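Novice: Just need the structure, nothing else, for what follows:
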Amino acid sequence: MKFVEEHLTKHHLFHKPHLWFFALLTSPIHLAEMHYKKKYHLNFTHARKLFLFDIILLLTIIILISATIFWFTYNPTVTDLVYLNIKTSQTRIISGDYVEYQINYKNESNVKLVEPILKLDLPPGFILDDAKPLDKYADNEFLLEDLEPMHTASVQIAGWLFTTPDVEEKVMATLSYRQETRQRSEQKTSSIIKILRGSIIETTVQSRQIALVKDTFPLTVIIKNNGQQKLNNITVPAPANITTEDSWNILELNPGTTKTLTGMVSLDLNNYEPIVINITPQIEINGQKIAQATYQHNIAIARPQVDLNSYWLNNPTSLKPNQTATLVTNITNSGNVKLTNAKLEVPIPTAIINLNNLIVSNLNDIEPSETKTVNLQIPIKYWSQGGTDLKLILSPQVKAQIAEIPNSLYTQTTETPVLQIGTQLDLVAEIKYYTNEGDQLGRGPLPPQVGKETKYWATITLANSTSKISNLSFTATLPNYVTWTGKSSVSHGQDVKYNATNRQISWNLNSLSAYATAGIYFEIALTPTTNQINTSPALLKNIQASAHDTYIDVGINKSSTDLDISLPTDTIVQAKGTKVQ
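Specialist: Sure thing, here's the model as predicted:
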């Protein structure tokens with residue numbers, strides 16, 4: 001069509017828009033004509049018939065598509081024009097609260113809605129108290145009056161709502177009706193979802209907050225009714241690790257009152273992970289048990305642990321008799337609990353150590369990660385007993401209570417490094433005129449007299465204690481005025497030797513067994529001079545003994561004070577006089 005080609009241009013759009021618009025409307029005819037000339041004209045024998053058939057077929061397809069779309073989109077109902085809404089009287093609700101629901105509905109269509117029925121789907125824990133209008137309500141349904149166009153109305157329902165806290169609870173309203181001119185029933189639904197935070201049944205638990213992996217302790221559950229009405233048939237299922245003498249059932253609980261339930265928690269765990277005891281009361285409503293708010297009681301598992309380290313200061317490997325060692329003990333609380341009334345106990349072998357049976361050091365409280373150090377002085381006895389080649393091993397032990405766990409006791413023991421205890425060599429030197437029994441050994445006047453000879457016997461006792469010794473020797477020196485008589489005897493080894501040049505008396509023994517004693521006896525004589533009158537002249541000087549401890553590989557040296565004629569242990573001599581006359 002020349003009209004379309006001439007007027008469907010940019011120029012006519014701005015200068016003659018009415019002609020341009022008319023050309024736009026007729027452009028499909030122009031396009032069909034152009035399509036006919038290109039695809040049909042002169043290409044087919046019956047070009048016009050074939051083109052007409054194709055156009056009819058295309059229009060048929062368009063009509064079918066349009067009909068299908070209309071079929072699926074056409075809605076003969078008026079549900080979109082019916083308004084239905086549910087509201088509650090309060091925004092925050094807890095389980096057991098008194099709740100009022102208001103259901104508003106409106107007919108915004110232009111047809112009358114007849115036989116309307118409003119059905120409510122309420123939670124199983126809803127206890128009905130009132131419905132408005134009450135005469136229209138029965139079995140969760142309101143039989144309503146017919147709804148005229150643009151008619152608005154509402155109904156109310158109220159009661160106590162018990163549900164499980166923190167769980168979604170839905171209240172649904174379904175309005176059923178039919179249009180006055182139709183027989184088919186229609187429905188409009190609406191719902192409200194609430195999550196109740198808490199319950200009027202308040203649960204508290206009184207029990208330990210820390211326990212041992214293997215432990216038994218009491219637990220108390222207190223159930224309180226914070227509501228405004230009496231509650232019946234409350235049960236509290238006991239967790240698996242709690243035993244109860246009586247079942248936890250509460251037949252009735254008045255408003256504002258409490259009920260106390262008791263049980264015993266028994267733990268037998270294989271790890272230190274905290275445990276949670278969940279206490280969930282259940283209330284029976286409308287024949288159905290409804291769980292209420294869960295109380296979680298957390299119990300930490302105590303991991304008492306003490307790192308105990310005892311060592312000898314300066315790390316000695318052996319000690320001589322009569323020495324004192326310093327025992328250092330470090331106590332570190334490496335557990336996760338506080339220790340109270342802690343003390344360090346060290347049992348003492350009294351055969352070796354010069355102390356009582358037990359050393360106790362109070363440590364008081366030890367916090368986690370805290371370290372305390374105790375230094376103890378350990379004195380070795382002069383003369384140890386209890387066997388040969390003694391070894392000292394102490395066993396320090398920490399005893400403590402675990403904080404917050406009554407009557408608990410935690411102990412940890414360690415051992416000290418081994419200490420070898422050396423032997424003791426005891427040197428006893430005496431001058432005797434009489435034996436202990438009163439027999440006379442010496443000869444001559446008592447007290448000694450100037451110019452007259454008095455003879456005495458020297459008795460030397462060398463006693464060994466716990467280990468074998470070798471190279472045992474004894475030496476002593478005679479003053480110039482004392483005479484060696486040549487009489488002597490010994491219990492072990494060769495006889496005593498006397499060197500007149502240096503006036504030294506000597507005796508040697510290759511070895512002496514543990515707990516053995518060697519005796520050395522010899523006679524000496526004194527002839528006093530005038531310048532010794534009223535004095536007690538010395539008879540034996542430089543008294544010494546030495547040996548080698550073969551157990552701890554150290555030398556032993558002993559000495560004694562000079563001996564004179566006073567003879568302090570001889571009572572007979574004391575009575576006759578101890579000074580030269």
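
Novice: Now do the helices in the stretch 451-581 of the chain.
Specialist: Secondary structure of the stretch 451-581 of the chain, counting by DSSP state H, counting those that start in this stretch: helices at 571-576.

Novice: do the same with the chain
Specialist: All helices of the chain, identified by DSSP state H, fall at 2-7, 10-15, 17-25, 27-39, 47-73, 571-576.

Novice: Not counting the last one itself, show me its contacts.
Specialist: Just to be clear, that refers to helix 571-576. Helix 571-576 has contacts (Cβ atoms under 8 Å, 6 or more residues apart in numbering) with Tyr433, Tyr434, Gly438, Leu446, Pro447, Leu567, Pro568. Where you see a C-beta, it was placed from the backbone N, CA and C, and this is true even at glycine.

Novice: just the residues you listed now: which is nearest Ile56?
Specialist: Out of the contacts of helix 571-576, the one with the shortest distance to Ile56 is Pro568. That distance is 157.1 Å, counting by Cβ to Cβ.

Novice: For Gln544, see how far away the closest one is.
Specialist: Taking Cβ to Cβ, to the nearest Å as the measure, Pro568 falls 21 Å from Gln544.

Novice: what about these two, which has more around it?
Specialist: Counting neighbours by other Cβ atoms under 10 Å for Pro568 and for Gln544 shows that Gln544 has the greater number, 15 against 12.

Novice: Spit out the contact partners of that one.
Specialist: Residues in contact with Gln544 (Cβ under 8 Å, 6+ apart) are Phe474, Thr475, Ala476, Asn557, Lys558, Ser559, Ser560.

Novice: biggest separation within these, which pair?
Specialist: The largest separation in these, counting by Cβ to Cβ, is between Ala476 and Asn557 at 14.3 Å.

Novice: which of those two has more neighbours?
Specialist: Ala476 (26 against 10).

Novice: in the sheet, who's paired with that one?
Specialist: Ala476 forms beta bridges with Ile505, as assigned by DSSP bridges.

Novice: how far away is it from Lys541?
Specialist: Between Ala476 and Lys541 the distance is 7 Å, computed by Cβ to Cβ.

Novice: now swap in Ala500 and tell me
Specialist: The spacing between Ala500 and Lys541, counted by Cβ to Cβ, is 16 Å.

Novice: Compare the two (neighbour count), which wins?
Specialist: When neighbours are counted by other Cβ under 10 Å, Lys541 comes out ahead of the other of Ala500 and Lys541, with 16 against 8.

Novice: Report the contact partners of that one.
Specialist: Lys541 touches Ala476, Thr477, Leu478, Pro479, Asp562, counting by Cβ under 8 Å, 6+ apart.

Novice: Compute the number of surrounding residues for the closest residue to Ala153 other than its chain neighbours.
Specialist: The spatial neighbour of Ala153 that comes closest, neighbours along the chain excluded (Cβ to Cβ, 6 or more residues apart in numbering), is Tyr105 at 6.1 Å. Using other Cβ under 10 Å, Tyr105 is surrounded by 24 other residues.

Novice: beta partners for Tyr105?
Specialist: The residues that Tyr105 bridges to, once DSSP bridges is applied, are Leu84, Ala153.

Novice: my read: Leu441 touches Glu430, true?
Specialist: No: taking contact to mean Cβ atoms under 8 Å, the distance of 11.1 Å between Leu441 and Glu430 leaves them out of contact.

Novice: For the protein, give me the ranges with low pLDDT.
Specialist: Counting by pLDDT under 70, the chain has low-confidence residues at 1-16, 18-19, 21-55, 57-58, 67, 69-76.

Novice: how close does Ser109 get to Leu175?
Specialist: Distance of Ser109 to Leu175, computed by Cβ to Cβ: 13 Å.

Novice: who touches both of these two?
Specialist: Counting by Cβ under 8 Å, 6+ apart, the shared contacts of Ser109 and Leu175 are Val82.

Novice: more crowded one of the two?
Specialist: Leu175 (24 against 17).

Novice: residue ranges for the strands of the stretch 101-250 of the chain, please.
Specialist: Defined through DSSP state E, counting those that start in this stretch, the strands belonging to the stretch 101-250 of the chain, from first to last, are 113-121, 126-132, 137-138, 141-143, 152-161, 168-179, 185-195, 201-207, 210-211, 214-225, 231-235, 242-243, 249-253.

Novice: isn't Arg303 right next to Pro368, touching?
Specialist: No: assessed by Cβ under 8 Å, Arg303 is found out of contact with Pro368, at 9.6 Å.

Novice: Please enumerate the shared neighbours of the two.
Specialist: Gly335, Asn336, Val337.

Novice: Which of those sits closest to Trp383?
Specialist: Checking these against Trp383 with Cβ to Cβ, the nearest one is Gly335 at 43.5 Å.

Novice: What backbone torsions are found at the closest one?
Specialist: The phi and psi torsions at Gly335 (degrees, to the nearest 10) take the values phi -90, psi -170.

Novice: Starting from Asn104, give me the distance back to the closest residue to it other than its chain neighbours.
Specialist: Counting by Cβ to Cβ, 6+ apart, the nearest residue to Gly335 once its immediate chain neighbours are dropped is Gln305, at 3.7 Å. Using Cβ to Cβ, one obtains 67 Å as the distance from Gln305 to Asn104.

Novice: Tell me the spacing between the residue nearest to Ala153 and Ser190.
Specialist: Here the distance between Tyr105 and Ser190 works out to 9 Å (Cβ to Cβ).

Novice: Can you check which residues contact both of those two?
Specialist: Both Tyr105 and Ser190 are in contact with Leu84, Asn85, where contact means Cβ under 8 Å, 6+ apart.
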